[in-house]
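A.B. asks: When you get a sec, could you give me coordinates for this:
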Amino acid sequence: MNSDMARNILVLHCHDLGRFLGAYAVPTVVTPHLDELAEEGALFEAAFATAPHCSPARASLFTGTYPQTNGVLGLTHDPFGWDLADPSGHLAHRLRTAGYRTELIGVHHESRVLPDDVVAARLGFDRVRTGGDRDVVVERATGALDRAAQGARPFYLQVGFHEPHRTPSKDDRPGVMGFLGDAVSPDDSLGHTVPAYLHDDAGAREEIAELQGAVRHMDEGVGRILEHLDALGLRQETVVVFTTDHGLPLPRAKCTLYDPGLEVALMMRVPGRAAWEGRRIAPMVSHVDVLPTLLELVGLPEPEGIAGTSLVPLLEAGAAPPAHTFGQLTHHTYYDPKRSARSDTHKLIVNFANAPRAMDPTQSWVHRSLPADLNGPTIGSSPLLELYDLAHDPHETRNVADDPAYAGVFTELATALLGWMREAGDPLLTDQPLLARHRDALTALTRAAGHRCVAPSASPEAPDAHRPGSGAAPDRARERESA
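C.D. replies: The predicted structure is shown next:
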C-alpha cells in the first residue's frame, strides 16, 4: 500500500434517502453536515442503486455485483430470508483479508438477518452491533473510531442509520406510518419540497415535513461522527463515503424502476487526491462501482468476478462513463419482476408480471401522498413495455413504447438490457415461463435485440429463486445497473 494514500475507510449509509439533500438542490431540507461533505469531496449527480428497495440494493453496494448474480433478489429478514450466495464477496471480508480491522454499526440488511456474531463471521467483520436509533449508532461509531485510532491496523468502519426510514410513532393516525418514531420532529422551517411525481396537497406536505425532519435528524448524526473523526486526527488518513440504499419511500418512487426509485446520493471525500476535491460528477455511475473504487483508492487490486468498475479513471484520467445503467426488481413484499435499461436520454422498463404499475412503499393503509399521474380510483396494471424520453419527459409520464419514432431507441435499449441480463445470469431468462406476461416480455426483448431465443436459466417462480443464475459473471464493460 502506498504510504501517501488514505488507508482507512468509513462508509456512512442510511435508509430510503434518494437524493433528498441540500447538496442535491432540495432547498427546504436542512442538511449542513452532508452538504459540507459534498463540498469537500466528489458528489455524484447521477448515481443509481441496483434495485429500488433495501436488501438487493445494499447487497450490490457491498459486493460490487448485481442481485441476479449475488443472490439477493428480495429482503433478507424473516419471513423473506434472501441471502448472499457467497458472503465472502462482501467488502469487509476482502478488506479483513488484506489486514484491515473491520466493524459494522447499525443497519445490516445486505445478507440474511442473523445474530450479530454470525453476521460478523460470515461477512468478515471483527465486530458487529446491529440496530439502534441515531444516538445509539453515533455513540457506538465514535467508540469504534476511538478503538481504531489506538491500533496500528487500517480500519474499515461501516455505519448504517435507520433514519429516515418510516418508523411507527405514537403521533401516527390509524392506518398511517410516518417518519417520526420516538425522536423525530417534523421540519417545515424552510417550507416544503414536494417531488414532482406527487400531488402537492396538504397530505403530501404533512408527510414531507416529517421526512425533512427525519433527514435533518440523520444529518446531525453524520456530523457528530465526522467531527469525532477530525478530533482524533484521522481525517487525512480516511476515505469517507456517504450514500443511501435507494429512492424515497413515497408513491411512484421506492419499489419502482422510475428514476425516483433508483436515484441515490453518493459522495466521497478522498484526502490527498485533488481530482476528488470539490467536484460534481455528472455522468451516470452505479453502486456496483463503489467497492472497486474503494479498493483502488487504498491500493488494493480489483477482484475478479465483480460487475462494477473503479471510478478512479473517470475522475482522474477522464475515462469514458458508462453508456447504460440497469435496474431490477424481483420480489419485495410480493413477486413483481421487472428490469430496466437507462441511457443519458432514455429509459426502457420491461414488466414481466401484471402487478400494479407502482408497488406501494408507504407501509400504510391510509395514504397521505398520491402520485401526480393518478387520475382515477386506481393506478392500474403495469404495461408490458415502458419507454421514456428523459430529455423531454424527465418525470417519466409519457410512455412512447408504441411510438414508431422511437423504434431505434427501443432496439438499442432492448439489446443492452438483454445482454446485461445474460451476463448477470438473470433467472428471468427461462425457456419455460409460467406467466403469459413473462413470455410476452421475453419475446419482445429477444425480437428487438435480434436474437432467436433466450438462454434457459432457473425458473424465477421456483422456491430457490434467490440462488444466482447459471450465466457467466458480468463482464465489466461500461454498462451498469441503476436499480
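A.B. asks: Could you check which helix or strand contains residue 305?
C.D. replies: Assessed by DSSP states H and E, residue 305 sits outside every helix and strand.
A.B. asks: Just give me how far stretch 315-334 sits from the chain centre.
C.D. replies: 10 Å (Cα atoms, centre = their mean, to the nearest Å).
A.B. asks: Give the buried residues for that stretch.
C.D. replies: Buried residues in stretch 315-334, counting neighbours by 16 or more other Cβ atoms under 10 Å, are found at 315, 321-332. Using the backbone N, CA and C atoms, a C-beta is placed for each residue, glycine as well.
A.B. asks: just those now: which is nearest residue 439?
C.D. replies: Distance to residue 439 across the buried residues of stretch 315-334 (Cβ to Cβ) is lowest for residue 330, with 17.1 Å.
A.B. asks: what are the phi and psi angles of that closest one?
C.D. replies: phi -120, psi -60 (degrees, to the nearest 10).
A.B. asks: just use 44 as the starting number from now, easier for me
C.D. replies: Yes, from this point I'll number from 44; that puts the last item at residue 373.
A.B. asks: Point out where the stretch 394-526 of the chain drops to low pLDDT.
C.D. replies: 494-526 (pLDDT under 70).
A.B. asks: Throw the buried residues of stretch 358-377 into TSV and include pLDDT, thanks.
C.D. replies: Converted to TSV, the buried residues of stretch 358-377 look like this (pLDDT from 0 to 100):
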residue	pLDDT
358	97
364	93
365	91
366	94
367	96
368	97
369	98
370	98
371	98
372	98
373	97
374	96
375	95
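A.B. asks: And those, which two are furthest apart?
C.D. replies: Spatial extent of the buried residues of stretch 358-377 (Cβ to Cβ) is set by the pair 358 and 374 at 35.4 Å.
A.B. asks: before we move on, back to that, show me which of the buried residues of stretch 358-377 is closest to residue 425.
C.D. replies: residue 372 (10.8 Å).
A.B. asks: Then the closest one would be within a strand, right?
C.D. replies: Yes. Residue 372: assigned to a strand according to DSSP: H, G, I helix; E, B strand; the rest coil.
A.B. asks: any idea how far residue 392 is from it?
C.D. replies: Note on residue 372: its distance to residue 392, by Cβ to Cβ, to the nearest Å, is 10 Å.
A.B. asks: what touches both of these two?
C.D. replies: Here residue 372 and residue 392 share the contacting residues 300, 381, scored by Cβ atoms under 8 Å, 6 or more residues apart in numbering.
A.B. asks: separation between residue 74 and residue 173?
C.D. replies: 25 Å.
A.B. asks: which stretches of this protein form strands?
C.D. replies: Secondary structure of the chain by DSSP state E: the strands cover 51-57, 85-91, 144-149, 170-173, 198-204, 281-287, 306-307, 309-312, 322-329, 368-374, 378-385, 389-394, 428-432.
A.B. asks: Which of the ones you listed sits closest to residue 466?
C.D. replies: Going by Cβ to Cβ, the one of the strands of the chain nearest residue 466 is strand 368-374, 9.8 Å.
A.B. asks: How many neighbouring residues does residue 71 have?
C.D. replies: The number of residues packed near residue 71 is 17, by other Cβ atoms under 10 Å.
A.B. asks: And the pLDDT at it?
C.D. replies: Note on residue 71: pLDDT of 98.
A.B. asks: Would you map the helices across this protein?
C.D. replies: Taking DSSP state H as the criterion, the chain contains helices spanning 75-83, 97-106, 110-113, 134-140, 159-166, 177-192, 245-274, 302-305, 333-340, 355-359, 450-466, 479-492.
A.B. asks: For the last one, buried residues please.
C.D. replies: Buried positions in helix 479-492, judged by neighbour count with 16+ other Cβ under 10 Å: 480, 481, 483, 484, 485, 487, 488, 489, 491, 492.
A.B. asks: Distance-wise, check residue 170 relative to residue 333.
C.D. replies: Applying Cβ to Cβ, the value for residue 170 to residue 333 is 22 Å.
A.B. asks: With neighbour numbers in mind, choose between the two.
C.D. replies: Taking neighbours as other Cβ under 10 Å, residue 170 and residue 333 compare with residue 333 leading, 25 against 15.
A.B. asks: which residues sit against stretch 258-266?
C.D. replies: 55, 57, 60, 63-64, 72-77, 80, 177-178, 180-181, 204, 206-207, 226-227, 230, 285.
A.B. asks: Please, a PyMOL command that selects the buried ones among these?
C.D. replies: PyMOL command restricting the contacts of stretch 258-266 to the buried ones, with burial defined by 16+ other Cβ under 10 Å:
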select buried, resi 55+57+60+63+64+72+73+74+76+77+80+177+180+181+204+206+207+227+230+285
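A.B. asks: Look up the closest residue to residue 225, ignoring the ones flanking it.
C.D. replies: residue 212 (6.9 Å; Cβ to Cβ, 6 or more residues apart in numbering).
A.B. asks: any idea how far the one you found lies from residue 230?
C.D. replies: 15 Å.
A.B. asks: circling back: out of the strands of the chain, which is closest to residue 293?
C.D. replies: Using Cβ to Cβ, the strands of the chain put strand 306-307 closest to residue 293, at 12.3 Å.
A.B. asks: For that closest one, which outside residues touch it?
C.D. replies: 60-62, 89-92, 100, 286-290, 330.
A.B. asks: Which neighbours in the sheet does it have, and how are they oriented?
C.D. replies: Strand pairing for strand 306-307, using DSSP bridges, gives strand 85-91 (antiparallel).
A.B. asks: the inter-axis angle of the partner strand versus helix 97-106?
C.D. replies: 130 degrees (axes from the mean of the first three to the mean of the last three Cα atoms, to 10 degrees).
A.B. asks: Run the angle between strand 85-91 and strand 281-287 for me.
C.D. replies: Using the same axes, to 10 degrees: strand 85-91 against strand 281-287 is 30 degrees.
A.B. asks: now strand 85-91: mean pLDDT?
C.D. replies: Rounded mean pLDDT across strand 85-91 is 98.
A.B. asks: contact partners of it?
C.D. replies: 66-67, 286, 305-313, 318-320, 322-330, 358, 368, 370, 385, 523-526.
A.B. asks: before we move on, the earlier item: and the residue nearest to residue 225, how far from residue 388?
C.D. replies: 42 Å.
A.B. asks: So for these two, which sits in the more crowded spot?
C.D. replies: residue 212 (16 against 11).
A.B. asks: I'd say that one and residue 224 touch.
C.D. replies: Yes. Applying Cβ atoms under 8 Å as the test, residue 212 and residue 224 come out as touching, 5.5 Å apart.
A.B. asks: Count residues in the vicinity of the residue lying closest to residue 327 once chain neighbours are set aside, would you?
C.D. replies: Counting by Cβ to Cβ, 6+ apart, residue 89 is the residue found nearest to residue 327 once chain neighbours are left out, at 4.6 Å. Neighbour count for residue 89, taken as other Cβ under 10 Å: 20.
A.B. asks: Many thanks, have a good one.
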